[in-house]
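>>> the following comprises the amino acid sequence and a computationally predicted model.
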Amino acid sequence: MKLANIKRKWWKEAVVYQIYPRSFQDSNGDGVGDLRGIINRLDYIQSLGVDVIWLNPIYKSPNDDMGYDISDYQQIMDEFGSMDDFDELLQGMHQRGLKVVLDLVVNHTSDEHEWFKQSRSSRDNPYRDYYHWWPAENGGPPKRWSYFDEQANAWKYDAQTDAYYLHYFAVKQPDLNWENPKVRAEIFAMMHFWFKKGIDGFRMDVITFISKHDGYPEFSDQYKGSQMINAYADGPRLHEYLQEMNREVLQHYDIMTVAEGPGTSTHNVMKLVDEDRKELNMNYHFDHQGIGVGERFIVNDDFQNLVKFKQVMSDWDAVFTEKGWNTVYFGNHDFARMVSRWGNDTPAFRAPASKLLSTYLLTMRGTPYYYMGDEIGMANIRFDDINDYKDLMTVNWYHLTKQEGGNLAQFMDSHKLCARDNARTPVQWDDSHNAGFTDGIPWLKINPDYSQWNVAAQESMPDSPLNYFRSLTQLRKDNLTLVYGAYELLWPEHQELYGYTRRLDDELLLVLLNFSTHMLNVALPPELQGGSVLLNNLQHLNQSTESIELEAYQALVIKVK
Ligand code: GLC
Ligand code: CA
């Protein structure tokens with residue numbers, strides 16, 4: 001790989017830090033994080049050395065799905081504050097050299113959006129075709145699977161007009177009809193509104209689902225249950241719509257775009273991100289999240305299978321050797337805490353394991369998407385009681401499992417590992433009451449481990465996960481090899497060691513990660529011997545010329561030449 005041949009872009013060199021505003025910082029004691037809370041923490045955010053802030057939805061919403069059900073795209077959610085707060089936040093970020101990416105949720109709206117209220121009111125309302133309707137006189141609609149519906153059925157009967165509407169997600173999230181050019185024009189105008197305010201990009205929620213199949217055909221048997229996601233992502237006009245969006249909106253600004261891409265694979269992703277096609281910049285996939293996780297997030301023995309993980313991540317990297325650009329992430333608001341899912345959150349290993357995972361994200365090729373709280377090693381809360389969950393996905397799946405007479409104990413155990421609320425518990429700022437998150441009653445329980453695991457405690461520890469994360473963002477900034485260098489996987493079959501090199505021009509870096517709870521002796525091939533250590537997540541270093549001994553969860557970044 002030669003730097004001279006690379007198309008450098010700011011969004012390729014950026015580290016993205018994701019903020020789930022509801023759980024970041026409450027400023028007015030109502031128990032819900034808000035924009036003012038983020039404003040109050042701007043210096044902290046800047047101190048991390050990250051470049052781009054992705055905010056989960058901040059728009060007006062009845063919060064059936066925590067903001068992913070939008071009732072007005074150009075207003076701020078009441079609980080989060082006002083448009084003035086947003087303008088101040090954007091300005092505060094820009095003053096600190098941080099870019100701001102918003103969530104674009106346009107596969108569906110809330111059923112409380114004015115468009116849907118109109119649409120459902122009569123069959124001849126001008127907004128009728130803003131959504132997908134199936135008249136009941138045509139008989140039952142063809143089967144469609146829904147993520148959040150209590151019966152997993154994506155068609156909801158609406159008596160007012162004797163018809164069914166389509167909702168891939170909750171009943172309160174009807175799918176927009178992109179086939180209607182008026183819908184596309186409304187969305188593009190709304191995107192211009194935000195870009196004119198100065199935002200720096202969009203993360204596009206389930207954007208792969210926007211084009212529906214004409215006439216809603218029955219899908220073949222290969223698309224059973226959640227497998228239907230692959231059919232949803234294969235709509236006939238997806239790329240036509242994204243090219244139109246690029247032409248009408250995106251190309252007019254210096255911004256970044258990233259698809260949340262359920263249904264994307266190494267085989268079809270280039271259609272989204274090949275720059276010559278003029279669609280989107282990046283995509284993130286779910287292949288690694290799916291390892292060892294089945295229907296309704298029931299886990300199996302493969303849950304932490306490192307060989308499979310390495311394979312998935314290496315296959316994805318290989319797609320982008322010539323064109324396009326990758327993303328890497330472990331956690332976000334839809335998955336477990338990274339240290340609990342991919343590392344080890346038992347007391348002895350939690351700090352090194354979370355540092356190791358941060359090392360991985362910041363030394364891979366592709367833009368890292370880093371989730372708030374992971375910098376201090378926040379862990380899963382593991383609720384025992386279904387009533388503690390606020391996420392409609394866990395709650396509805398629980399009811400569905402119960403209704404089917406399924407195994408509820410197994411369900412609860414698996415959700416201790418996988419439920420989305422594990423990642424949504426409030427950020428732990430200090431050891432004061434409610435972790436410094438709120439003076440009121442937090443909307444979701446705070447992890448009781450906050451008395452030890454919090455930002456304030458880690459600020460004062462030089463070798464804390466927090467300070468280590470800061471050294472990683474700095475290291476990535478100082479080393480373009482970590483951004484653009486070719487990636488090569490070493491020891492693909494090793495079940496506990498993840499090792500790889502990054503190579504750009506004459507520079508060669510070696511990353512060694514021990515994903516196990518014991519010492520590993522790593523014999524280095526001659527061409528990788530004799531390097532100097534740039535970063536080590538432990539104090540300990542046991543290196544001879546030909547080999548390195550890695551302690552449990554030790555992570556090393558080595559400059560070979
Ligand atoms: C995306 C979001 C998730 C939301 C869903 C429906 O997957 O990340 O939080 O529930 O889309 O909008
Ligand atoms: Ca608040």
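Thanks, I have it. Keep in mind that this is a model prediction, so the values were computed, not measured. Ligands and ions are numbered 1, 2, ... in the order given.

>>> what's the local residue count around E527?
Neighbourhood size, E527 [other CB atoms under 10 Å]: 11. Using the backbone N, CA and C atoms, a C-beta is placed for each residue, glycine as well.

>>> near ligand 2, which residues of the protein are found?
With the criterion set to CB under 5 Å from the ion, the chain comes near ligand 2 through D26, N28, D30, V32, D34.

>>> touching, the fourth one and W443? I think so.
What it means is V32. Yes. The pair V32 / W443 is scored as a contact, 5.0 Å apart, by CB atoms under 8 Å.

>>> which neighbours do these two have in common?
Common contact partners of V32 and W443 (CB atoms under 8 Å, 6 or more residues apart in numbering): R22.

>>> quick one: the residue of the chain found nearest ligand 1 from H113, how far?
Residue of the chain nearest ligand 1, by CB to the nearest ligand atom: Y68 (3.4 Å). To H113, Y68 is 13 Å away according to CB to CB, to the nearest Å.

>>> spatially central residue in this protein, please.
N332 (4.1 Å; CA atoms, centre = their mean).

>>> for the closest residue to that one other than its chain neighbours, give the beta-bridge partners.
Closest residue in space to N332, ignoring its immediate chain neighbours: Y371 at 5.2 Å, by CB to CB, 6 or more residues apart in numbering. Taking DSSP bridges as the rule, Y371 bridges to Q18.

>>> helix or strand for the residue nearest to the centre of the chain, which one?
Under the criterion DSSP states H and E, no helix or strand holds N332.

>>> OK, contacts around it?
Taking CB under 8 Å, 6+ apart, one finds Q18, Y369, Y371, A423 in contact with N332.

>>> in a strand, the second one, correct?
By that I understand Y369. Yes. Under DSSP: H, G, I helix; E, B strand; the rest coil, Y369 sits within a strand.

>>> chain neighbours aside, what residue packs nearest to it?
The shortest distance from Y369 to any non-neighbouring residue, by CB to CB, 6+ apart, is to Y329 (3.9 Å).

>>> for D301, give its distance to N396.
For D301 relative to N396 (CB to CB), the value is 27 Å.

>>> point me to the residue of the stretch 201-350 of the chain nearest ligand 2.
H333 (17.6 Å; CB to the ion).

>>> which non-adjacent residue is nearest that residue?
Per CB to CB, 6+ apart, closest to H333 is Y20, 4.7 Å.

>>> E88 now?
E88 sits nearest to I39 (CB to CB, 6+ apart), 6.1 Å away.

>>> tell me what the helix ranked longest in the chain is packed against?
Under DSSP state H, the helix in the chain containing the largest number of residues is helix 181-197. Packed against helix 181-197 by the contact rule (3 or more CB pairs under 8 Å, 6 or more residues apart in numbering; DSSP states H and E) you find strand 72-76, helix 83-95, helix 238-248.

>>> tell me if the shortest one is near ligand 1.
Same thing as strand 72-76. No. Judged by CB under 6 Å from any ligand atom, strand 72-76 stays clear of ligand 1, getting no closer than 13.6 Å.

>>> mean confidence for that strand?
Mean pLDDT, strand 72-76: 98.

>>> next, the buried residues of it.
Going by neighbour count (16 or more other CB atoms under 10 Å), the buried part of strand 72-76 is D72, Y73, I76.

>>> now swap in stretch 85-100 and tell me
Neighbour-count burial for stretch 85-100 [16+ other CB under 10 Å]: D85, F86, E88, L89, L90, G92, M93, L98, K99, V100.

>>> so which of these reach ligand 1?
Answer for the buried residues of stretch 85-100 near ligand 1: none qualify (CB under 6 Å from any ligand atom).

>>> can you dump the C-alpha coordinates of stretch 346-363 into CSV?
Extracted in CSV, the C-alpha atoms of stretch 346-363 (Å, rounded to 0.1, in the frame of the first residue of the first chain):
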residue,chain,number,x,y,z
THR,A,346,-14.9,-10.2,35.6
PRO,A,347,-12.9,-8.0,38.0
ALA,A,348,-9.5,-9.4,37.2
PHE,A,349,-9.7,-8.9,33.5
ARG,A,350,-12.1,-6.1,32.9
ALA,A,351,-9.6,-3.3,32.6
PRO,A,352,-7.1,-5.1,30.4
ALA,A,353,-9.9,-6.6,28.2
SER,A,354,-11.6,-3.3,27.6
LYS,A,355,-8.2,-1.7,26.7
LEU,A,356,-7.5,-4.6,24.4
LEU,A,357,-10.8,-4.1,22.6
SER,A,358,-10.1,-0.4,22.2
THR,A,359,-6.7,-1.3,20.8
TYR,A,360,-8.3,-3.5,18.2
LEU,A,361,-10.8,-0.8,17.0
LEU,A,362,-8.2,1.9,16.8
THR,A,363,-5.6,-0.2,14.9
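
>>> so which bits of it are buried?
Buried positions in stretch 346-363, judged by neighbour count with 16+ other CB under 10 Å: 349-363.

>>> T266: neighbouring residues, count only.
15.

>>> one step back: who wins on neighbours among the contacts of N332?
A423 leads those on contacts (other CB under 10 Å) with 27 neighbours.

>>> in whichever helix or strand it is part of, what's buried?
Using DSSP H and E, A423 falls within helix 421-424. Going by neighbour count (16+ other CB under 10 Å), the buried part of helix 421-424 is D421, N422, A423, R424.

>>> out of those residues, which comes closest to ligand 2?
Looking across the buried residues of helix 421-424 and measuring by CB to the ion, the closest to ligand 2 is R424, at 15.1 Å.

>>> H333 is in contact with that closest one, correct?
Yes. The pair R424 and H333 qualifies as a contact (CB under 8 Å) at a distance of 5.9 Å.

>>> need the residues touching each of these two.
Y20.

>>> give the bridge partners for L512, please.
G499, L556.

>>> please name the nearest non-neighbouring residue to H252.
In space, H252 comes closest to F195 once its chain neighbours are excluded; the distance is 7.6 Å by CB to CB, 6+ apart.

>>> ok, how many other residues are close to that neighbour?
Counted with other CB under 10 Å, residues neighbouring F195 total 19.

>>> which residues touch it?
So F195 contacts V249, H252, Y253, I255 (CB under 8 Å, 6+ apart).

>>> thinking again about what came up before, where's the residue nearest to E88 relative to V32, distance?
15 Å.

>>> neighbour count for the two, which is higher?
Using other CB under 10 Å, the more surrounded residue of I39 and V32 is V32, with 25 against 18.

>>> now name the helix or strand holding that one.
Here V32 is assigned to no helix or strand, by DSSP H and E.

>>> quick one: low-confidence ranges for the stretch 201-350 of the chain?
Applying pLDDT under 70 to the stretch 201-350 of the chain flags no residue at all.

>>> burial of the residue of the chain closest to ligand 1, as a residue count?
The local packing of Y68 (other CB under 10 Å) involves 24 other residues.

>>> and the strands in the stretch 301-450 of the chain?
Here the stretch 301-450 of the chain has its strands, by DSSP state E, counting those that start in this stretch, at 327-328, 367-371.

>>> okay, these in CSV with distance to W10 next?
Listed next are the strands of the stretch 301-450 of the chain as CSV, based on distance: least, CB to CB, whole Å:
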stretch, distance to W10
strand 327-328, 15
strand 367-371, 10
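
>>> buried deepest among those, which one?
Of all the strands of the stretch 301-450 of the chain, strand 367-371 has the most neighbours on average by mean count of other CB atoms under 10 Å, namely a mean of 25.
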